[in-house]
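Q: turn this into a structure:
(2 chains)
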Amino acid sequence: MVVGEMPEGLDFLVIGGGPGGYTAALEAAARGRSVTLVDRAGADGIGGTCLLEGCIPSKALIEVADLRHRSLDFAGGALGFDSAVPPDLTRFQEWKNGMVARLSSGVRSRLTKAGVTIVAGSFTFTGPQRGVIELDGDAPPQHVEFEGAVIAVGSTVTQIPPLPFDGETVFDAAGILDVSELPERLVVVGGGYIGMEIGTAHRKLGSDVTVVEAAETILPEMPQAAQKHVARRASKLGIEVLTGHTAQGRDADGIVIADDSGATRTLPADAVLVAVGRRPATRDLGLAAVGITADPAGLIPVGPDGLAAPGIAAVGDVVAGPALAHKAIAEARVAVDALCGRPAAMVSTAIPLVVFSDPEVAVVGVTESAAQQEGMSVSVLRMPIGASGRAATMGSTDGVAEIVVDVDTDAVVGGVLVGPHASELIGELTLAVEMAAAPADLALTIHPHPTLSEMLQDTAGLASDPTI
Amino acid sequence: MSSFEYRLPDVGEGLDAAEIITWHVSVGDAIVPDQVLADVETDKSVVEVPSPVEGTVAELTGAPGDLIDVGAVFAIITVSDEATHEPAPASPPSPDEGDPYATMAAPEAETAATAQDGVGEGPSAAGAGESDALVTPRRVLASPATRRVALGLGVDLASVRGSGPGGRVTKDDVHRHIDDAGSSSAGSEPAVADDPPSAATRPAPPESRDTTVTPLRGLRRQIAKNMVASWTSVPHITDFREVDATALVAARRTVNAHLADSGRDEKITFLPFLVRAVSIALATSPKFNASLDMEGEEISYFGPRNIGLAVSTDAGLFVPVLKNSQAMSLVGISQASEALADRARNRTISSEEMSDGTFTITNYGSYGGWLGTPIIRPPESAIAGFGKIEDRVVAVNSAPAVKPILPLAVSADHRLIDGADMGVFLRTLTNLLEDPVRMMAEDF
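A: Predicted coordinates:
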């Protein structure tokens, strides 16, 4: 240590202001810890990728696009809604930014009330229970010593060399959600959930949309039922989907893509969204100084209690598993328990995955194939969404409900929902999985009529023997 | 190659542990599916535990004499990855259900959406990057709230017996597990010197070379648990009679003469008469062939008279059950009960043959006993004990006379059965035994 580096003693340090970070901060404060939260953007960074530039802004755009599209398209357009008015994205941006700011300030005020100190700067570990915060502006770096720390720095968007982000034509998801002028022709590179969500919203707002996906199918991580319904719907909406294609670069006319054989062509584009993945933002954390080695993908290995090293936990996108806010939040609670010396482990068994595509996709628990690999004997109860009267009244009959049942224990162990509001309906299935509900528990629970939730009751009812 | 953790299946019905008798394999042995790994002694019988997979024995947990909890790791078997992809066999040794405890190393991390599950479900990987080593055990069925309770109490959920359907574990099960563990460990630890001795504290055994301490295992352990459960939950009343067995002795002689005359090389004991008499008396006193359920607040009256017959064996007491005794002849009862007793003595009797009893007979006369106080076997409501028939001096017409006397005791559940009920039942039983011809009056 050189003179002038007298470290300031901190109790509980949280690195990152996203859902994992702010949850850890609030939980630790509630346990009486003195909490300091460091985020590169300081108070402006509270909410993280999810709230400020990801989940929340994209859902706002999807909602607006859906409103417009549904009003025009309802009953095949036969009801005569006026299609003349073009969407005004400037007004959308004002509304969305206000809404995001309100939510972020809500989280900030909770942190403030809990006594959490928010510091703007970037943190680097320098030794066991030590680190340095490079503060914004001209302030000298602040050396700190901490009792416990939570790494919740999240992830950054993956850039591909042929199409570097320029903020004018080539955007990441956050960038495209901020534009005030609807692109006439949008090319989406990456047919995963972000690409399909934003691409579909743009199509519904009026853009011509082409999705370029290297894999053989869109939503490659999702169950087949989901891929099939979303692809079919995309085609109906007029989205061009080019699977087995990769982006090669740009030329004067637009984006150059190549198919499996190497043959290239150019797609005209006013805007390009590159959404091919995210990478944990663990590179510049100085992990070596605390004996942590991230894996080649940048993920930090942790134990069941979330600890990566003595006194240091990691949560959210920087640890294995899907990069989801609700996973980060659950992990943050476990991490705080561990750092406060309490028994700590994830007590939940299922993390729901949701895609706000059209139709929506939601998956929870084990899939049929995963169950079979584990040697479980499962049956799958399946019903098309078209069987739902409520779905018919909504004009949204594409989709399916699937419930995976462990035959030996008669317990619901997973499920796939594809259809309107699947993102909401998956909550009931998640609870069923957690509680090890029998299909009969769902079937004998009275659901309101006419609703989409009845689909779960009816699907579960397929398990019962009608002769009983 | 990956590891298969074989957890001890429920090799009986509702058992919670088994004692290892013999290992049939050693570490390093190559094994095939269904090859017997070990003999284990459960509370009821000795059972062979076969391997559900093909592979090489990597570890055997426990030595002969060790008590292994159902659901605890029993053997670790290295299986080839090819084998890993095959679904686990559907029929492990448990007769009635799949093996809910077998765990298989997941070859692929298609568990991305599965929460890191640290709560007591087998070993957890140290890091996410080690998915190859990540054993993804079959999930113990329990709600998150229950998991949190288990976590807080440091309980391995996989070791808790679930009382719910399909073995679902409730919060109560976790607490019960703690209570059970607490009481068993309290018994094995010497009393702390500072603690004043209390009625509940067992004195430490004297340290002497003459003292032999053996673990409480297998059948003896189960008998102990059953006796305590009965004695502490059922308020017993016991009443006694001395039955004039003159006619009974004559009747048996007649039946055996009949068997000899018809060229059959068999004789009957007094037991068939006792079973027959009890069976008839139960029909007229249904409360004695019933079960009281405090939790459900109901009383079940049983139709069949399934008579449990206490059989003493080298290992301890067995109670095979003579089903539908009311429909059997004296000779039929004799043959069936002999067969059951034989199977109990050589420990080939099945759990089914020892279940569904509605009343029990114990014959302590066989080892010279006179009067006893039998302990009821819940959920039954009563038990009859018979002593040895001996000549006794009794008063006949105000004068002493010598007669063969059968001493008889009946214990009954006083929650269900009043003293007056006991009087009626014993009078019926006594009348039938003092004049066996009365037994002819009832349906066979």
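
Q: pLDDT weak spots in the chain?
A: You didn't say which chain, so I picked chain A. Scanning chain A for pLDDT under 70 picks out A:1-6, A:80-86, A:465-468.

Q: not quite, I wanted chain B
A: Checking chain B against pLDDT under 70 turns up B:1, B:10-15, B:42-45, B:81-138, B:182-209, B:443-444.

Q: which parts of it belong to which domain?
A: As assigned by automatic domain parsing, chain B contains the domains B:2-83, B:93-110+B:136-183+B:219-233, B:235-439.

Q: of all the ones you listed, which one is nearest A:Trp95?
A: domain B:93-110+B:136-183+B:219-233 (37.3 Å; Cβ to Cβ). Where C-beta positions appear, they are placed from N, C-alpha and C, glycine not excepted.

Q: who are the packing partners of the helix ranked longest in chain A?
A: Using DSSP state H to define each element, chain A has its longest helix at helix A:89-113. Contacts defined by 3 or more Cβ pairs under 8 Å, 6 or more residues apart in numbering or on different chains; DSSP states H and E place helix A:89-113 against helix A:19-30, helix A:55-73, strand A:117-127.

Q: need the winner for burial among the ones you listed.
A: helix A:19-30 (a mean of 27; mean count of other Cβ atoms under 10 Å in any protein chain shown).

Q: quick one: strands adjacent to the next helix or strand after it?
A: Per DSSP states H and E, the first helix or strand lying C-terminal to helix A:19-30 is strand A:35-39. Using DSSP bridges, the strands paired with strand A:35-39 are strand A:12-15 (parallel), strand A:117-127 (parallel).

Q: tell me which of those strands lies nearest to B:Met439.
A: Closest among the strands paired with strand A:35-39, once you apply Cβ to Cβ, is strand A:12-15, at 83.1 Å.

Q: neighbouring contacts of the closest one?
A: A:21-22, A:24-25, A:28, A:33-39, A:116, A:123, A:131, A:144, A:146-153, A:285, A:339 (Cβ atoms under 8 Å, 6 or more residues apart in numbering or on different chains).

Q: pull the distance from it to the chain's centre.
A: Distance of strand A:12-15 from its chain centroid, counting by Cα atoms, centre = their mean, to the nearest Å, is 23 Å.

Q: how close does A:Leu242 sit to chain B?
A: 26 Å (Cβ to the nearest Cβ, to the nearest Å).

Q: phi and psi next, for the residue nearest to that residue when sequence neighbours are not counted.
A: Excluding the flanking residues, the one nearest A:Leu242 by Cβ to Cβ, 6 or more residues apart in numbering or on different chains is A:Val212, at 5.1 Å. When quoted as degrees, to the nearest 10, the phi and psi of A:Val212 stand at phi -110, psi 120.

Q: run a quick neighbour tally on A:Val212.
A: Residues near A:Val212, counting by other Cβ atoms under 10 Å in any protein chain shown, number 25.

Q: roughly how far apart are it and chain B?
A: For A:Val212, the distance to chain B - Cβ to the nearest Cβ - is 24 Å.

Q: list the residues that contact residue 17.
A: Just going to use chain A. Neighbours of A:Gly17 in contact, by Cβ under 8 Å, 6+ apart: A:37, A:39, A:41, A:45-48, A:118.

Q: please go with chain B instead
A: Applying Cβ under 8 Å, 6+ apart, the residues near B:Ala17 are B:42, B:67-70.

Q: state the phi and psi torsions of it.
A: B:Ala17 has phi and psi values of phi -160, psi 160 when expressed as degrees, to the nearest 10.

Q: what about it, distance to A:Phe356?
A: For B:Ala17, the distance to A:Phe356 equals 51 Å [Cβ to Cβ, to the nearest Å].

Q: many thanks, I have nothing further to ask.
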